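Novice: please work out how this folds:
(one chain, ligands or ions: 2)
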Amino acid sequence: MKIKTYNKISKKGLNLFPVNYEVGDALEAADAILVRSATLHDIPFDPELKAIARAGAGTNNVPIDRCNEAGIVVFNTPGANANAVKELVTAALIMSARPIYPAIEWLQSLNETADFDKVVEKGKSNFIGPEIAGKRLGVIGLGAIGIKVANLAVHLGMEVYGYDPYLSVDNAWSLSTRVIHAKKLEEIYKKCDFITLHVPETKDTKGMINTETLQMMKNGTRLLNFARGGLVEANDVIAAVEKGKLAAYVTDFATPAMLGRKNIYPLPHLGASTPESEENCAVMAVNQLTDYLENGNIVNSVNLPNVSMERSGHARVVCVHRNVPNMIAQITNVLSAAGINIANLLNKSKGEMAVTLVDIETTAANIKGELEAIDQVLKVRIIE
Ligand SMILES: NC(=O)C1=CN([C@@H]2O[C@H](COP(=O)(O)OP(=O)(O)OC[C@H]3O[C@@H](n4cnc5c(N)ncnc54)[C@H](O)[C@@H]3O)[C@@H](O)[C@H]2O)C=CC1
Ligand SMILES: O=C(O)CCC(=O)C(=O)O
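Specialist: Ligands and ions are numbered 1, 2, ... in the order given. Predicted structure coming up:
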């Protein structure tokens, strides 16, 4: 198997690939891609490409529609970098209130003088900022990161409002009972002193922070964006900071126009940049990819269902297809016409996509073409 990497991926993960795998950033005709933040939108996919693993959470750098058309499974690593992001957001929360960055900048600019201590003591009055305890924090998106941020903020003495209309049952169990359920985004915008974004960038969330929504916020709101740049209309946010509507904007996703501006604190997409998170993501991504390439099992895919079946029989047929009627019958008809006995079968669907795993008693290399010819079948593999 050839695994093409598009970013620097932790060795701890890469070392888990079977020894006969070729792994590198200059491979042609790759069987799988391992990527962090590099965008794959303009990259043509080889017919051999079976899977893409995003070592991280957000998959908006992967063209999911194109992957669906080609039967390519896209994985991510849910939660693997959530603690790293939570810790940076905690720093950002305090940085947005206490002018730590300008204070350091000012101090660094001082020259050595006899009255250094006096100058420092006098100058510090320019760097007063409020405490976060007792203030209201709105957390938009209560997934792996949002939950950790919300729970921590409760411990820091904040009154926390959470908004997530798609909150999963597992996440609900992990959320502090002291987090107040905001039923509408407006509630967060109107009530909160601090707002932090933890939603994926989708067609629903793109540009959600704009002149209209900023207008609903209290004067002097502090906004944190460690989710995606596309969630905010950059020019509207800059204008809101200029007018003081936002007292601070701290973001992992700066635009050039945001640089050098007072009260805008840009970071170079550092949320997941800890050794622990880089290792967690790489290990999870490599294990998921290997299980798919070796066994057709799927765990943590964003476009295909989870399927895991113990290997039995002689070989496994992996069919990725559209979620339409009569697929199992057509696949098993091809097998039975070839006199192949089925040892086990599993079929699952997710949205418009589905996968069928069939363990068979004999080899089936000769029927790959027939399976591929079935209408709505997107990718077929026979794993011996
Ligand atoms: N700065 C960085 O380095 C990192 C940034 N991220 C970004 O943070 C995002 C969230 O990451 P995780 O918490 O790990 O993902 P997650 O998938 O665990 O959580 C996302 C949450 O957003 C909710 N959601 C989706 N659409 C929504 C909407 N329209 N309104 C409100 N809630 C909505 C979902 O129900 C889910 O609970 C990622 O999609 C990614 O874009 C993630 C990791 C690192
Ligand atoms: O890998 C990275 O550094 C970025 C992480 C990220 O943005 C994500 O997981 O969505």
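Novice: residue 98 contacts residue 129, correct?
Specialist: Yes: Residue 98 is in contact with residue 129 according to Cβ atoms under 8 Å; the separation is 3.9 Å. (Glycine included, C-beta is placed from N, CA and C.)
Novice: any shared contact partners between those two?
Specialist: Residues touching both residue 98 and residue 129 (Cβ atoms under 8 Å, 6 or more residues apart in numbering): none.
Novice: report pLDDT for the residue in the chain that ligand 2 sits nearest to.
Specialist: When distances are taken as Cβ to the nearest ligand atom, the chain reaches nearest to ligand 2 at residue 56, 2.5 Å away. pLDDT recorded at residue 56 is 98.
Novice: ok, it - how many residues close by?
Specialist: The number of residues packed near residue 56 is 25, by other Cβ atoms under 10 Å.
Novice: which helix or strand contains it?
Specialist: With the criterion set as DSSP states H and E, no secondary-structure element contains residue 56; it sits in neither a helix nor a strand.
Novice: now do the contacts for it.
Specialist: Contact partners of residue 56, counting by Cβ under 8 Å, 6+ apart, are 36, 37, 76, 77, 80, 81, 272, 281.
Novice: and this structure, which residues reach ligand 2?
Specialist: With Cβ under 6 Å from any ligand atom as the criterion, the chain comes near ligand 2 at residues 36, 37, 56, 57, 58, 81, 269, 271, 272, 273.
Novice: does ligand 1 sit close to stretch 204-218?
Specialist: Yes: judged by Cβ under 6 Å from any ligand atom, stretch 204-218 and ligand 1 are in contact via 204, 205.
Novice: contacting residues around that stretch?
Specialist: 185-186, 189-193, 195, 197, 199, 223, 225, 230-233, 236-237, 239-240, 245-246.
Novice: out of the residues of the chain next to ligand 2, which are buried?
Specialist: When burial is judged by neighbour count using 16 or more other Cβ atoms under 10 Å, the buried members of the residues of the chain next to ligand 2 are 36, 56, 57, 58, 81, 269, 271, 272, 273.
Novice: neighbours around the residue nearest to the third one when sequence neighbours are not counted, how many?
Specialist: With sequence-adjacent residues excluded and distances taken as Cβ to Cβ, 6 or more residues apart in numbering, residue 57 is closest to residue 76, at 5.9 Å. Here the neighbour count serves as a burial measure; for residue 76 (other Cβ under 10 Å) it reads 23.
Novice: which residues of the stretch 251-384 of the chain fall in strands?
Specialist: With strands called from DSSP state E, counting those that start in this stretch, the stretch 251-384 of the chain shows them at 264-266, 315-322, 342-350, 353-360, 377-383.
Novice: which of those sits closest to residue 21?
Specialist: Using Cβ to Cβ as the criterion, the shortest distance between residue 21 and the strands of the stretch 251-384 of the chain is 14.7 Å, found for strand 377-383.
Novice: list the buried residues of the closest one.
Specialist: Going by neighbour count (16+ other Cβ under 10 Å), the buried part of strand 377-383 is 377, 378, 379, 380, 381, 382.
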